[in-house]
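Asks: Please find the sequence and the predicted model below.
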Amino acid sequence: MTDERLTDRWEACALERSISHEEHVCIARVLIRRHGREEAIRRLLRGTRANCDVMKGPERFDEELTERWGLRIADAVEAADDDTFEGFACLHPELLQSDLLGLPAWRTRRDRS
């Protein structure tokens, strides 16, 4: 599946599965390239919330963390992008570390129990 198709299906909540961190970074990158920083972050927030709801995990949505990630990925796209996600990931390997910007609130609550 192409990055664009993945993004379209994710925005439509039509994947019928959860996505990996790497896929989430890829989707954010596509949205930023398509729509620019502000609109992409709006779409990322809306889509993440909607997909969490569809996957029956609304408590997994962390708005602040999602926005931080969107801004960080936008900074990376604006600083140095590539024609492919693989090339982008080579330029910014730190973005593939899912805990780079902290753990989601739902996970830290679970870890404390």
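Replies: Structure received.
Asks: Could you list the low-pLDDT ranges of the protein?
Replies: 106-113 (pLDDT under 70).
Asks: Mind telling me which residue is nearest the centre of it?
Replies: Centroid check for the chain by Cα atoms, centre = their mean gives residue 24 as the closest residue, at 3.3 Å.
Asks: Contacts only, for it.
Replies: 48, 69 (Cβ atoms under 8 Å, 6 or more residues apart in numbering). Where C-beta positions appear, they are placed from N, C-alpha and C, glycine not excepted.
Asks: could we number from 772 for the rest of this?
Replies: Noted, 772 is the first residue going forward, which turns the last one into residue 795.
Asks: Just the buried residues of the host helix or strand of it, please?
Replies: Using DSSP states H and E, residue 795 maps to helix 792-806. Buried residues in helix 792-806, counted by 16 or more other Cβ atoms under 10 Å: 794, 795, 796, 797, 798, 799, 800, 801, 802, 803, 804.
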